[in-house]
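S.K.: just coords:
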């Protein structure tokens, strides 16, 4: 081999070595980037899981029934109340399922949707505005397609508030909040009773808080405003935020004072822990 050939071989070897080194650097850099991307993805995933564990989910079922065929006039306030309350609850971190002018099938489906989503860490709220009737010491929410001539029809066609509360308990809800605006004179009870009895006492099952627009057995007249008296005061206190028990009790006191004792809402509580309204609340 002459010197020229030897020099060419050395240059070839040097170029090949340089190429191999460059490829190795590229592969190493690519691997490092992949590892950093994987670590970043794991970090994001961990943050998301940690955040979801630390935040109790919030669900609300809001029912506003206003157009009952047997009534002399629609309950326009019930629809307005359901819409305004739904908006406020969403601002407070609730995932709201709102139903207007619900038939019995609509109400049963809505309750079943709620049931399927309740977990052990869920704060659950039920609002009903419309006509309610007590039967057998239970209070029933009446759908707009109810055909009622006797007390047994209430049990068959109404949806028991106590039954919904029991479902929430069986599903393991963290806390149960209920607002019932249905202590109205209705077009049904006069058919099988001499006078309207309003609603029965609604017992607060474990870790529950219940607000009703009137004391058990009492009825109230709707005002002339856009919203019912109960929901107007409830929204005022809800927007101010604070603990659920404080919001419910302030609503009761405000209505009692404004009506000079003519309307005294009922509050029943068995809460075992604080529940707060607001995005940061528990």
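M.R.: Looks like it came in fine. Nothing here was measured: the structure is a model prediction, and the numbers come from that model. Numbering: from 1, shown residues only.
S.K.: how about residue 149: what's its closest non-neighbour residue?
M.R.: Leaving aside its sequence neighbours, residue 149 sits nearest to residue 191 (C-beta to C-beta, 6 or more residues apart in numbering; 5.5 Å). All C-beta spots, glycine's among them, are computed from the backbone N, C-alpha and C.
S.K.: from residue 265, how far out is residue 211?
M.R.: Distance from residue 211 to residue 265, counting by C-beta to C-beta, to the nearest Å: 6 Å.
S.K.: before we move on, the earlier item: next up, the contacts around the residue nearest to residue 149.
M.R.: Going by C-beta atoms under 8 Å, 6 or more residues apart in numbering, residue 191 touches 148, 149, 150.
S.K.: select only the buried ones of those in ChimeraX?
M.R.: The buried subset of the contacts of residue 191, as determined by 16 or more other C-beta atoms under 10 Å, is captured in ChimeraX by this line:
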select :148
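S.K.: still on that earlier bit, hey, what's in contact with both of residue 211 and residue 265?
M.R.: By C-beta under 8 Å, 6+ apart, the residues touching both residue 211 and residue 265 are 230, 251, 252.
S.K.: and which of the contacts of residue 191 is nearest residue 202?
M.R.: Set against residue 202, the nearest of the contacts of residue 191 by C-beta to C-beta is residue 148 (20.0 Å).
S.K.: tell me how far the closest one lies from residue 135.
M.R.: 10 Å.
S.K.: so what sits against both of the two?
M.R.: residue 154.
S.K.: now do the strands in the stretch 1-150 of the chain.
M.R.: 58-64, 95-100, 123-129, 132-135, 138-141 (DSSP state E, counting those that start in this stretch).
S.K.: how about those strands in CSV, adding distance to residue 236 and mean pLDDT?
M.R.: Output for the strands of the stretch 1-150 of the chain, formatted as CSV (distance: least, C-beta to C-beta, whole Å; pLDDT from 0 to 100):
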stretch, distance to residue 236, mean pLDDT
strand 58-64, 18, 98
strand 95-100, 19, 98
strand 123-129, 16, 98
strand 132-135, 23, 92
strand 138-141, 24, 95
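S.K.: thanks a lot, see you next time.
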